[in-house]
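> let me see the structure of the following:
(2 chains)
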There are 2 protein chains.
Amino acid sequence: MRHITLEDIRLVIDKKSILAAVRTALIGNWKETHNSPPPTQLIFPSTDGRLKGDCHIKSATAITKCYFSIKIAAGFYDNPSQGYPVNSGLIFLMSSETGRPLAMIEDEGWLTAWRTAAAGALAAGCVPSNPETRLGIIGTGMQAELQAEWICSYLNLTKVSIFGRSNQNAHALVGRLEAKGIDCFVANSAAELCSKCHLIITTTPACEPILMNTDVLDGTHIVALGADSPGKQELDPILLQRAEQIIVDDASQCLDHGEFGHAHRLGLIGANDFITLGEILADTHYNPKESAITIADLTGLGAQDLEVAALVYSA
Amino acid sequence: MRHITLEDIRLVIDKKSILAAVRTALIGNWKETHNSPPPTQLIFPSTDGRLKGDCHIKSATAITKCYFSIKIAAGFYDNPSQGYPVNSGLIFLMSSETGRPLAMIEDEGWLTAWRTAAAGALAAGCVPSNPETRLGIIGTGMQAELQAEWICSYLNLTKVSIFGRSNQNAHALVGRLEAKGIDCFVANSAAELCSKCHLIITTTPACEPILMNTDVLDGTHIVALGADSPGKQELDPILLQRAEQIIVDDASQCLDHGEFGHAHRLGLIGANDFITLGEILADTHYNPKESAITIADLTGLGAQDLEVAALVYSA
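Below is the predicted model:
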């Protein structure tokens, strides 16, 4: 079994190759060349009832590959106070011919972070934007930073607003982004952010809505990344009813624990009221009305992990 | 992260400690101190439609532990012809406080094999036997050999019959068991085996029944180990209808893909017609009628993996 470290990974991948791998995975998931079984979600509550951490186990097979992947990715949100990063994890590749382990990729959660950033950028790009579009990011963690960087680079945007529960963390993130040449400011509320941004990315581990329907302007495209396990929720479910189009990475996952599922369980939308991101990526003719609300609900697919792990392994 | 190899494992475990760990896991699963989420099952068919291999991903948490486990175990049944063992695998222990990996146990599938052998022995011991009881084993693979050894040792039995699809493999297994002092012979059919054995263990990757109702004598106790993923089946479902008692390791897993599920889907038994193995192990007063058929349906629990991994890790 080959051991591949984060240092090895950094040497062989770049944004462009990850974007291509994630595009392949999302289209493969839609075309069913890739199979991502329902993930296992382990939830760890803290003693005060908050979400202390979660661990996702995601696997995938593909008819285009002679190996399959199993990914373990944990996020423990109090880790920074103990001097650890929030995320950790590993990806295994095993032979589809013998079941024997081929590689352990000790990515420490980074491939998950990058493939999530790539999916966010691809989903953000589903709806036309222009260089004047101001990108709104809710959340101040690692994924917030990655989304700002990846989307600005992918869509040639230069203006970003940040809103986070912690004003201090928001200012720190703005500082880091400005150092990278992104024109950036801190919004004092989600409502203020919504009033300036027609492209909004939510990146928090929230367990109740933080983006409210009444705050969101017509013509806004929302990419929701946080609801990747049961109990998590970032969007007012009314927003999904209002949306002209809901885009999902995987219908069954989104129905189980995504924003799509929250709205569906309330009877606000039907179980088939969606289009799959892979279908849009395979066919570039998607163009909603200018005033439409569009929402991409991303829960993260095993197939994405398989494709980015394959990228590393084959390099 | 600590790396623990099969060599390390062999130094610190013995049958007695594994039996105790598996008993703890089965009782914990029943008492809900342990949580084993639904496993992920990846199925790999061969080009001729047979089952080439499968990979199970099983995880578990326990309120008694400050870590959780994720086990990857693959079985690829044509491996011996390529010079590889059928089984391979790994178990991870991760902190329940930070999600960070604590240990990778490269057990090459052995802890799974041993914990399965232990569960088989515990299930075999649920019904009284005497030193004259002849143990019947269907299958000739590694698990068949382990079951013969573990059950003879656990229940003080000395007589074993073996039946397998390959007569050559059956004779080879008999030779190995006789060298270990077990009085052993090859049955020419499952029916012949049934006519001599009141304790029968099935250990095959069969996908259709090989133990038929009409062959099984009254007063037989059956432990079925093979049906650990969807599509696998070893028992004539009528046997489950005839049984006085069906014992399951986990009701939801057995209903999903065990022998219990096959019989339930045919309407032969109710979804609540079972007792849990952990309940029997916690309370030793179970004593069926002498003429009764009893069946233990074992699908293998993440909690078993957690407890045997904990045994290795703490040693």
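
> hey, where'd the helices end up in chain A?
Under the criterion DSSP state H, chain A contains helices at A:6-12, A:15-31, A:110-124, A:142-155, A:167-179, A:190-196, A:237-242, A:251-257, A:259-265, A:277-282, A:302-314.

> B:Val248 is nearest to which of those?
Closest approach to B:Val248 among the helices of chain A (CB to CB): helix A:251-257, 25.5 Å. Where C-beta positions appear, they are placed from N, C-alpha and C, glycine not excepted.

> and the pLDDT at the residue lying farthest from the centre of chain A?
In chain A, counting by CA atoms, centre = their mean, A:Thr98 sits farthest out from the average C-alpha position, at 32.5 Å. Looking at A:Thr98, its pLDDT stands at 96.

> before we move on, what about the one 3 residues further on?
Confidence at A:Pro101, expressed as pLDDT, is 94.

> which residues does A:Ser69 contact?
With contact set as CB atoms under 8 Å, 6 or more residues apart in numbering or on different chains, A:Ser69 has these partners: A:Ser59, A:Ala60, A:Ile91, A:Phe92, A:Leu93, A:Met94, A:Gly302, A:Asp305, A:Leu306, A:Ala309, A:Ala310.

> try it again with 7 Å
A:Ser59, A:Ala60, A:Ile91, A:Phe92, A:Leu93, A:Gly302, A:Asp305, A:Leu306, A:Ala309 (CB atoms under 7 Å, 6 or more residues apart in numbering or on different chains).

> cool, A:Asp297 as well?
Residues near A:Asp297 by CB under 7 Å, 6+ apart: A:Ala224, A:Ile246, A:Val248, A:Cys254, A:Gly258, A:Glu259, A:Phe260.

> quick one: which of the residues you listed is most hemmed in?
The member of the contacts of A:Asp297 that has the most neighbours, counting by other CB atoms under 10 Å in any protein chain shown, is A:Gly258 with 32 neighbours.

> from B:Thr40, how far out is A:Gly300?
15 Å (CB to CB, to the nearest Å).

> again with A:Leu173
Remark: distance between A:Leu173 and B:Thr40 (CB to CB) = 35 Å.

> so those two - more neighbours on which side?
Shown here are A:Leu173 and B:Thr40; by other CB under 10 Å, A:Leu173 has more neighbours (24 against 21).

> tell me the contacts of the more buried one?
By CB under 7 Å, 6+ apart, A:Leu173 lies in contact with A:Thr140, A:Ala144, A:Glu145, A:Ile162.

> what's the neighbour count on the residue nearest to it when sequence neighbours are not counted?
Distance criterion CB to CB, 6 or more residues apart in numbering or on different chains; nearest residue to A:Leu173, sequence neighbours excluded, is A:Thr140 at 4.8 Å. A:Thr140 is flanked by 24 other residues according to other CB under 10 Å.

> distance check, A:Thr140 against B:Leu177.
Computed as CB to CB, the A:Thr140 to B:Leu177 distance reads 64 Å.

> residue numbers of chain A in contact with chain B?
A:37, A:40, A:42, A:44, A:53, A:55, A:57, A:59, A:61, A:68, A:70, A:72, A:74-76, A:79, A:82, A:84, A:88, A:90, A:92, A:94, A:96, A:98-101 (CB under 7 Å from any CB of the partner chain).

> buried only: go through those residues for me.
Neighbour-count burial (16 or more other CB atoms under 10 Å in any protein chain shown) applied to the residues of chain A next to chain B gives A:37, A:40, A:42, A:44, A:53, A:55, A:57, A:59, A:61, A:68, A:70, A:72, A:74-76, A:79, A:84, A:88, A:90, A:92, A:94, A:96, A:98-101.

> bridging residues for the one residue in the stretch 101-250 of chain A that gets nearest to chain B?
Relative to chain B, the nearest point of the stretch 101-250 of chain A is A:Pro101 (6.6 Å; CB to the nearest CB). Here A:Pro101 sits in beta bridges with A:Met94, as judged by DSSP bridges.

> relative to B:Pro128, how far out is it?
In terms of CB to CB, A:Pro101 sits 43 Å off from B:Pro128.

> ok now do the nearest residue to A:Gly120 once chain neighbours are set aside, which residues does it touch?
Spatially, and ignoring its direct neighbours in sequence, A:Gly120 is nearest to A:Gln147 (5.0 Å; CB to CB, 6+ apart). Counting by CB under 7 Å, 6+ apart, A:Gln147 makes contact with A:Ala117, A:Gly120, A:Ile137, A:Ile201, A:Thr203.

> measure the third one to A:Ala227 for me?
Right, the one you point to is A:Ile137. 16 Å.

> need the per-residue pLDDT for the spatially closest residue to A:Lys180 that is not a sequence neighbour.
Excluding the flanking residues, the one nearest A:Lys180 by CB to CB, 6+ apart is A:Glu149, at 6.6 Å. What the model reports as pLDDT for A:Glu149 is 97.

> what number of residues lie near A:Glu149?
Neighbour tally, A:Glu149, other CB under 10 Å: 18.

> what's the domain layout of chain A?
Per automatic domain parsing, the structural domains of chain A span A:2-112+A:303-314, A:119-300.

> can I get the ones you listed in CSV with distance to B:Leu277?
Below are those laid out as CSV (distance: least, CB to CB, whole Å):
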stretch, distance to B:Leu277
domain A:2-112+A:303-314, 23
domain A:119-300, 28
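
> for B:Asp215, find the nearest of the ones you listed.
domain A:2-112+A:303-314 (32.9 Å).

> just how off-centre is the closest one within its chain?
Averaging C-alpha positions (CA atoms, centre = their mean, to the nearest Å) puts domain A:2-112+A:303-314 13 Å from its chain's average.

> okay, now that domain: how far is its last residue from its first?
12 Å (CA to CA, to the nearest Å).

> and stretch A:88-108, by the same measure?
4 Å.

> same question, stretch A:153-163
Terminal residues of stretch A:153-163 lie 20 Å apart, using CA to CA.

> please apply the same query to stretch A:291-306.
Terminal residues of stretch A:291-306 lie 37 Å apart, using CA to CA.
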